[in-house]
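> structural data only, the sequence is not supplied:
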């Protein structure tokens, strides 16, 4: 279900961007238990000036090589699970793309299950949720 | 009210992208009863690698010519209305842009009416909702 | 906490885009009382055809030089505060970037505090909210 937007500078190569995207997806599969084939990602590499991030916030320093990860996903996961996701995304993206874990920013937008169609005009989860248990 | 983000590969032409956007808007007007002039769309054509979608999910197959449609809109529409929207978006985009309906993905982000300003710094619906009935 | 997406045409220069982004952030600091260093912005300049906006909606006219501002932020601010933000964003962006205030569109996506990690894999506000008062 997640729709993932990854914004990063074009000083990172397309290969680094893809490695970051792979790491985000691996974290979603491992921690949020998203199906492996439930992958919908938009990766945008920006020229200088396209991303503006303050050099430091809440004690975390940021460089030009920041990776912004915004994930639209189902609601209802517990805080502890979200925290585990952030940790794995930061570690995974840092290791895969060669950036600092401090430079991996994550935000979740929660939206209900009926708000998705994975193709062919079907509200797949709305249909599933109508099935008798 | 909808703010629509359409992400698709640049293997689809600018004309195809525009046709897809027209079809999305027509579906919103027909099914969600959005006013015809309530149109705010961001169309982004991506180079290879910019969109990552698994080849199959929930029995729906996907190709490189996937069209991701994320719609920020008002909350409260019934599930059946959402399902009708997905169906019309998929059929309309497929017909208009020459893609497979299986490759049209739709996601809704619902956000309350007071969260919009359509220009000039006015919260148009917040003002309207304060009017006596 | 806000993650701000600013979409505008590339007929506006990179300097105008940056000035618009500065004005949006200044409004968030002044009206939403966002910390000055809580700045995470994605600025996207689009070629012709990338933005589609109807020429008029709710009595507000729009030109090709439209600036779409979508702000993911914490929930719970009062309507009056949101209205003050829209006013300041429209005035500030218009003055800074040389566009019409009518052409500044704002949308808020509210998402809870635990849905953010500002780097290093930490859910900063979830941690803060667990501290004894």
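Arrived safely, thanks for sending. This one's a predicted model, so the numbers in the text were calculated from it and none came from an experiment. Residues are numbered from 1 along each chain as shown, chains lettered A, B, ... in the order given.

> check what pLDDT the residue nearest to residue A:76 when sequence neighbours are not counted gets.
If the residues on either side of it in the chain are set aside, residue A:76 comes closest to residue A:110, at 7.6 Å by CB to CB, 6 or more residues apart in numbering or on different chains. All C-beta atoms are positioned from the backbone trio N, CA, C, and that covers glycine. You'll see residue A:110 listed with a pLDDT of 98.

> and residue A:110, bridged to which residues?
Residue A:110 forms beta bridges with residue A:73, as assigned by DSSP bridges.

> how close does it sit to residue B:83?
Plainly put, residue A:110 is 20 Å away from residue B:83 if you go by CB to CB, to the nearest Å.

> ok, residue A:52 next?
Counting by CB to CB - residue A:52 and residue B:83 are separated by 39 Å.

> before we move on, what about residue A:69?
If you go by CB to CB, the gap between residue A:69 and residue B:83 works out to 30 Å.

> between those two, which one's more packed in?
Neighbour count, other CB atoms under 10 Å in any protein chain shown: between residue A:69 and residue B:83, residue A:69 has more, with 25 against 18.

> how about that one, secondary structure?
strand (DSSP: H, G, I helix; E, B strand; the rest coil).

> with residue A:18 instead?
Going by three-state DSSP: residue A:18 is helix.

> let me see the confidence value for it.
98.

> residue of chain A nearest chain C, please.
Chain C sits closest to residue A:90 of chain A, with a gap of 3.3 Å, by CB to the nearest CB.

> that residue belongs to a helix?
Yes: when three-state DSSP is applied, residue A:90 is found to be in a helix.

> show me what contacts the residue nearest to it when sequence neighbours are not counted?
Excluding the flanking residues, the one nearest residue A:90 by CB to CB, 6+ apart is residue C:121, at 3.3 Å. Going by CB atoms under 8 Å, 6 or more residues apart in numbering or on different chains, residue C:121 touches A:86, A:87, A:88, A:89, A:90, A:91, A:101, A:104.

> kindly indicate which of those lies nearest chain B.
The closest of the contacts of residue C:121, once distances to chain B are taken by CB to the nearest CB, is residue A:89, at 15.5 Å.

> can you give me the pLDDT of the nearest residue to the closest one once chain neighbours are set aside?
Among residues not flanking residue A:89 along the chain, residue A:27 sits closest, at 4.6 Å (CB to CB, 6+ apart). Confidence at residue A:27, expressed as pLDDT, is 98.

> just want the angle from whatever helix or strand residue A:27 lives in to strand A:67-73.
Secondary structure assigned from DSSP states H and E places residue A:27 in helix A:14-31. Computed by axes from the mean of the first three to the mean of the last three CA atoms, to 10 degrees, the angle separating helix A:14-31 from strand A:67-73 equals 40 degrees.

> pull the residues that contact helix A:14-31.
A:2, A:4, A:6, A:8, A:12, A:34-36, A:39, A:41, A:43, A:45, A:67, A:69, A:71, A:73, A:81, A:84-85, A:88-89, A:92-93, A:95-99, B:49, B:52.
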